[in-house]
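# would you be able to build a 3D model of this:
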Amino acid sequence: MVMIFISHRGNIKGPNSERENNPDYIQEALNMGFDVEVDVWHNEEGFFLGHDGPVYKVDYKFLMNEKLWCHAKNVPALIEMKKYAIHYFWHEYDNVTLTSKNYIWAYPRLTNLPGTIAVLPEISEGSLKGCKGICSDYIMKYQQTWS
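Residues are numbered from 1 along each chain as shown. Alright, predicted model coming up:
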């Protein structure tokens, strides 16, 4: 089985709150071959990236990159992303959610669910056995360990 390695907000070697969700930072992770989970907002001015609010304005074409996993952070983002060929999902406190490409995205701390994308396994004691992918701030470590 091919494991999917997903950088959490562009992080590859640990959290970097000053750069997370910055389009340049995301591009660096993409250039290294990783998929990237990003936090997406939408308002009357368009699409934005940012965890706690809209910070970095981006064009919808940026979000159409097949290696991005777009986490809708508000309902308008979910509705707008559905109009395009964007890989998106929504969750708040759900144990799992289904992405627009039919991947099961697991809430952090639920790493032992087979067939899912394990999110932030570094904060869990569960097994990664049987998961389809890993989304982590330390994704480079997981990729090296898995190889």
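
# find the residue at the geometric middle of the protein.
A centroid search over the chain (C-alpha atoms, centre = their mean) returns Glu37, at 1.8 Å, as the residue closest to the centre.

# over to the most far-flung residue of the chain relative to its centre: give its phi and psi.
Farthest-out residue of the chain from its mean C-alpha position, per C-alpha atoms, centre = their mean: Glu44, at 23.7 Å. Main-chain dihedrals, Glu44, degrees, to the nearest 10: phi -60, psi -20.

# may I ask you to confirm that Asn102 belongs to a strand?
No: counting by DSSP: H, G, I helix; E, B strand; the rest coil, one finds Asn102 to be coil, located in no strand.

# show the contacting residues for it.
Residues near Asn102 by C-beta atoms under 8 Å, 6 or more residues apart in numbering: none. C-beta: built from backbone N, CA, C; applies to glycine.

# what's the spacing between it and Pro15?
Relative to Pro15, Asn102 is positioned 29 Å away (C-beta to C-beta, to the nearest Å).

# what's the answer for Lys73, then?
Noted for Lys73: a distance of 18 Å to Pro15, by C-beta to C-beta.

# what about those two, which has more around it?
Just comparing Lys73 and Pro15: by other C-beta atoms under 10 Å the higher neighbour count belongs to Lys73, 23 against 12.

# thanks a lot, see you next time.
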